[in-house]
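J.: My questions concern the predicted model and sequence given below.
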Amino acid sequence: MVEVAAEAGWPACGVWFDAATWTDATTSEVRKRLDDTGIIALDLEPIIPAEGVDDHAERLVAAAAGIGARNVLFTSRVQDQAFNTARYGECCDMAAPHGIRVVCEFLPIFPLNTLTMAAQVVVDAARPNGGVLVDNLHFSRSGATFDQLSGFDRSLFPYIQIADAPATVPTTLEALLDDAVNGRMCPGEGGLPITQMCAAIPEVPISFEVRSRALREGFNDDVERARHLLKFCTSLS
């Protein structure tokens, strides 16, 4: 990811932490490539608590510190909001000594599935390195509104994730999942209010998460695919 981002002309990238394969050697290698290319590690993800399952938060935060990631993503498969708030606070405490922010993301496919729930987790945890990550696709699919968004302090949102997609909201869990991992489109190709989202949370970094089957099938070369997306993203400015 780091090398593709650098070759395609991106200034930063996100990094995925796979608990089954990530080792100290992975941390060292990723950090070396970041240092060699000058690419910024915007975030490392994901911390996802689930009932009876290790969320690997301690290992992930250590890896984030090792590569110099600025943010770590947190969401949850647990229904209990009190548990989610407590675990989120613990993750913030782990990350704080390294200057890392922990952002709480809401996804309609998980129990932590609304803007209000994510904001409440962050507010109740009351950690200085907390924040809410708004992905405009999840924002649309969860039924959130811009009037609702305007009711929160903008400082709650340190950066945003942008993609496009058809305006029609999928109606089943399976369709929502496929929409998120395969159905995203480049900015301007779909029907989501991207300009309105950027205006609602202005002057913050924008991360482009465009997980797309069409792009994967249309571009066999990772760098060419990344360059194609970059052209759409720079047009937003």
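T.: Great, that's in hand.
J.: Arg87 contacts Pro49, doesn't it?
T.: Yes: in this structure, Arg87 is within contact of Pro49 by Cβ atoms under 8 Å, at 5.2 Å. Every C-beta, even on glycine, is put in place using the N, C-alpha and C of the backbone.
J.: between these two, what contacts are shared?
T.: Residues touching both Arg87 and Pro49 by Cβ atoms under 8 Å, 6 or more residues apart in numbering: Asp55, Ala57, Ser76, Val78.
J.: This structure: strands as residue ranges?
T.: Along the chain, the segments classed as strands by DSSP state E run 12-16, 40-47, 71-74, 101-105, 130-135, 160-162, 206-208.
J.: Quick one: the shared contacts of Arg87 and Pro49 as TSV, columns for pLDDT, neighbour count and distance to Ala6 too.
T.: Listed next are the shared contacts of Arg87 and Pro49 as TSV, based on pLDDT from 0 to 100; neighbours: other Cβ atoms under 10 Å; distance: Cβ to Cβ, whole Å:
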residue	pLDDT	neighbour count	distance to Ala6
Asp55	96	19	30
Ala57	98	21	29
Ser76	98	28	33
Val78	97	19	37
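J.: all helices of this protein, in order?
T.: Here the chain has its helices, by DSSP state H, at 2-8, 24-37, 57-67, 81-95, 115-125, 136-141, 146-150, 173-181, 194-200, 213-218, 222-234.
J.: ok, back up a step: more neighbours: which of Arg87 and Pro49?
T.: Legend: neighbour count by other Cβ atoms under 10 Å for Arg87 and Pro49, higher for Pro49 (23 against 20).
J.: which ones are touching the nearest residue to that one once chain neighbours are set aside?
T.: Using Cβ to Cβ, 6 or more residues apart in numbering and skipping residues adjacent in sequence, the residue nearest Pro49 is Asp55, 4.5 Å away. Asp55 makes contact with Ile47, Ile48, Pro49, Arg87, according to Cβ under 8 Å, 6+ apart.
J.: ok, the second one touching Asn84?
T.: No: under the criterion of Cβ under 8 Å, Ile48 lies out of contact with Asn84, with a separation of 10.7 Å.
J.: of those two, who's got more company?
T.: The neighbour comparison of Ile48 against Asn84 (other Cβ under 10 Å) goes to Asn84, with 25 against 19.
J.: how close does the more buried one get to Leu112?
T.: For Asn84, the distance to Leu112 (Cβ to Cβ, to the nearest Å) stands at 6 Å.
J.: Low-confidence stretches in this structure?
T.: 236-237 (pLDDT under 70).
J.: rerun at 90
T.: Applying pLDDT under 90 to the chain flags the ranges 233-237.
J.: Might one say that Ile109 is in contact with Glu174?
T.: No: assessed by Cβ under 8 Å, Ile109 is found out of contact with Glu174, at 9.3 Å.
J.: joint contacts of Asn84 and Leu112?
T.: Here Asn84 and Leu112 have Ser76, Val78, Val121 as joint contacts, going by Cβ under 8 Å, 6+ apart.
J.: what would the residues you listed look like in TSV with distance to Ile40?
T.: Formatted as TSV, the shared contacts of Asn84 and Leu112 follow (distance: Cβ to Cβ, whole Å):
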residue	distance to Ile40
Ser76	27
Val78	31
Val121	26
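J.: Closest to Ser28 out of these?
T.: Each of those was checked against Ser28 using Cβ to Cβ; the closest is Ser76, at 30.0 Å.
J.: distance of the closest one from Asn113?
T.: 10 Å.
J.: Please apply the same query to Val181.
T.: In this view, Val181 and Asn113 are 16 Å apart by Cβ to Cβ.
J.: Next: Tyr159.
T.: Tyr159 sits 20 Å away from Asn113, going by Cβ to Cβ.
J.: With that, I have no additional questions.
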